[in-house]
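>>> what follows is a predicted structure for the sequence shown.
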Amino acid sequence: MLETMSSQEINTMPRGAYPVQVPEKMEVLGLNVSYGTKQALFDINLGFRPNKVTAMIGPSGCGKSTLIRCLNRMHELVPDAKVEGKVLLDGQDIYGPDMDPADVRRRVGMVFQKPNPFPNMSVADNVVAGLKLAGTKDRGHLDGVAKKYLERVHLWDEVKEDTKRSGASLSGGQQQRLCIARALAIEPEVVLMDEPCSALDPTATARIEQLITSLKENYTVIIVTHNMQQAARIADYTAFMYLGKLIEYDETTKLFENPREDLTERYITGKFG
Amino acid sequence: MKTRRRLVNRIFLSLCVVALLAAVVPLVSIIVDVASKGIGAMNLDFFTQLPPLACTQPPCPEGGLGNAIQGTVYVVALSSLIGLPIGLFSGVYVSEYGRASRFGYLMRFLGDVLAGIPSIVTGVLIYTIIVLTTDSFSIIAGAVALGTMMIPIMSNTTAEALKAVPNSIREASLALGTRKWRTSLLVIANAKKSIATGSLLAVARITGETAPLILTMGISVLWFGGFTVPVASLTYFIYYFATSPFQNWQNLAWGAALFLMVIVLGINMGVRLVTRGKRVYA
Amino acid sequence: MPRLMDIGLDQLNSMLLDMASLSQSAVAASIDAYTHAVTPTDVRKMADRLQTLHRQVSDLAMEVIARYQPVATDLRFIKACMEISYGFFRYGRYALDIAQVMEIFGDLGRCDRSPVVETAKLTEDMIRMSADAFARRDVNLARRIPDMDDAVDERYRNNLRKVMESKSNPRCNLANVLIMRYLERISDHAAYIAESVDYIVTGVEPPD
């Protein structure tokens, strides 16, 4: 993989130009999505840089959740869902005719808004659930994987006394970290997060934000958030969407300090939405 | 004004209580009646002896309904073997695969309709299809009839149980790259208590059926004799003996009624006690 | 619907407008006194008030940032407010310095005061334009100021050269040089304020 450009190099590029030397981990090309007769996304073109955190912000109903669910083909679980256009992962269209959705989802993991650990599984089993459901049986290997990822999300110290306890017996913030560990355990390349902190209190949110920032090292992170300040805190790139269209997409500092579009300006300064 | 409101409250409450009594009293009186009339027939012979000859003059021949109990147990078991798996898979389809498709909608619709078909209609159907073509009553015909009745019940119960499993579990599983069939298995595992109780209720339901058995399994005074001959059943004997003029037969009918009532009520109450207050899908 | 932050932003704005008019008065008072060779009054009071206001603007800006997490235009406005209030504060400071020159040097009635007076006129125009540009967020007005700053710099240097070559009137010349120096500093700050106004509107930092 090519090195990402230094911020100095990026700063000297003309505003709005998108550096193409660095291959994007995921790319959305001409995406149009609808549910039955209602169109939710209009001609979206967007790229996601590898090993960076990209945030998607916008008012309710702007399509950001729909977009993120198209990135791992979860959107098609909705009845009457229609997807036109391409979504490339390392250059390959994940909607291609011989692409298996299950394979795509193994490479592009997802963490949901409301923490959803499997209720009748222990903490350790939850972490390795992806592996177990795929058929892995080696108990020793699974225990090792569980410990590794519980440590990765800084949950190990809090649960090591009793990893057999039910996944649902943890606090909200712990549950969400458990879900993140579960998503990481299948070793995806991209991690999608759909408003991961909106059901959590500020302290838990802060811990997860720190975790997300540390994930950049090994994964490409794409996060949907309705909290602009969260995007400002943790995202390298931010995309602003409104009514199903992509309005602006830039480095976070640039977008929040001096947005190009008037609509973006009005949204982030709280003049609407 | 306040007293008027209180009066209206009292009247309304009284009406509700009266209605409740009207519902409960008959049920309780049935139970008491059957228990008091049937308890006399409960002895070891009842469970181990074949039916006696009719008592035309005293002393009355002794006997029991052992073969009827045996027949009912066998036919219920065989019916469950047919009805539960088919009902289960049909319910799984409706809930997990067919929620959006037109075929799934059809299945759901049929499930609701078939659950309401009168049992005698099912009985006549199987009579025509199996009994007439094989030229004999049999436990197979009986099991097919009762099993057919179980299918929509089981399908609806399973579908309800699976629908009660939160979608977050399916999403979580699929997002991990799990295949659809494996995710469905996980959902079933999450609903297993509900499905188990649903199947017990379906079993209790068909244990008490009479009309289909009259038309498919016939009646017999012998122990179970094979898959191509008529087989005894408790419900048929209750009908046959209770409408007869013979005292010993009528006693046995009350005994059978008590036994059946205990079994069916027992299953129903037991199921409700066990699942009281618990998470439906846990 | 006005936002919570707007209360703070409006307050910052009105405080800066106060500082604008106060600093204009302070400089005018000193220059008038010099022009008519009389002692200036109240300049010290005005300069102190400007210092207090500057500190208050700074505190309020910090409070708005801490409480409301401003972004985009709001954030640039707050940054610019802090820079501009410093500029108005300096106007007052230099007005005080000019008054102090007159205090130290005594009666300057017999000096050739015309070069200073002409330059002072230019500088006062620049002060007024910088205040107006801020009040109206007028970028075009702001962009006329840097050239005027160059003109003031030119006059300052010319005066310096003339004084170096002159052998007469050391008292007058020294007073003139000092006052011209302060006028040159004032016009520099006017140029900085103009840059800040540009930044609020366009978001582009001036090149170094």
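Ah, there it is. Numbering: from 1, shown residues only, chains lettered A, B, ... in the order given.
>>> going forward, measure contacts between C-alpha atoms and count neighbours the same way
Will do.
>>> how far does stretch B:117-133 stretch from start to finish?
Criterion CA to CA, to the nearest Å; first-to-last residue distance in stretch B:117-133 is 23 Å.
>>> how about the residues of chain A by chain C?
Neighbours of chain C within chain A, by CA under 8 Å from any CA of the partner chain: A:229, A:255-259, A:265, A:268-271.
>>> out of these, which are buried?
A:255-259, A:265, A:268-270 (16 or more other CA atoms under 10 Å in any protein chain shown).
>>> narrow the residues you listed to those in helices?
Secondary structure from DSSP state H places A:255-257, A:265, A:268 of these in helices.
>>> now check stretch C:63-76, is it near chain A?
Yes. Interface with chain A: stretch C:63-76 contributes C:69-76 (CA under 8 Å from any CA).
>>> OK, contacts around whichever residue of the stretch 101-250 of chain B sits closest to chain A?
Using CA to the nearest CA, B:Gly177 is the residue of the stretch 101-250 of chain B that sits closest to chain A, at 4.3 Å. Applying CA atoms under 8 Å, 6 or more residues apart in numbering or on different chains to B:Gly177 gives the contacts A:101-106, A:130.
>>> secondary structure class for it?
Put simply, B:Gly177 is coil when judged by DSSP: H, G, I helix; E, B strand; the rest coil.
>>> follow-up on the earlier one: next, format the ones in helices among the buried ones among the residues of chain A next to chain C as TSV and append pLDDT.
Below are those laid out as TSV (pLDDT from 0 to 100):
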residue	pLDDT
A:Leu255	93
A:Phe256	92
A:Glu257	89
A:Glu265	93
A:Ile268	93
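>>> residue of the stretch 1-150 of chain B closest to chain C, please.
For the stretch 1-150 of chain B, CA to the nearest CA, closest residue to chain C: B:Ala100, 43.8 Å.
>>> let me know the pLDDT of the nearest residue to that residue once chain neighbours are set aside.
Distance criterion CA to CA, 6 or more residues apart in numbering or on different chains; nearest residue to B:Ala100, sequence neighbours excluded, is A:Pro79 at 5.8 Å. pLDDT recorded at A:Pro79 is 82.
>>> and for C:Ser114?
C:Ser114 is assigned 86 on the pLDDT scale.
>>> please report how far it lies from chain B.
C:Ser114 is 83 Å from chain B, where distance means CA to the nearest CA, to the nearest Å.
>>> which phi and psi does that residue have?
Torsion angles at C:Ser114 (phi, psi; degrees, to the nearest 10) stand at phi -60, psi -40.
>>> give me the neighbour count for it.
Neighbourhood size, C:Ser114 [other CA atoms under 10 Å in any protein chain shown]: 11.
>>> repeat that for B:Val221.
18.
>>> can you tell me how far the nearest residue to C:Glu195 once chain neighbours are set aside is from chain B?
Closest residue to C:Glu195 apart from its sequence neighbours, by CA to CA, 6+ apart: C:Pro206 at 6.7 Å. Going from C:Pro206 to chain B by CA to the nearest CA gives 49 Å.
>>> doesn't C:Pro206 belong to a strand?
No. C:Pro206 sits outside any strand when classified using three-state DSSP, being coil.
>>> of the residues of stretch C:63-76 next to chain A, which belong to helices?
C:72-76.
>>> closest to chain A out of the residues you listed?
C:Ala72 (4.2 Å).
>>> how about that closest one, what does it touch?
Counting by CA under 8 Å, 6+ apart, C:Ala72 has contacts A:255-259, A:265, A:268-269.
>>> can you tell me the closest non-neighbouring residue to it?
Per CA to CA, 6+ apart, closest to C:Ala72 is A:Glu257, 4.2 Å.
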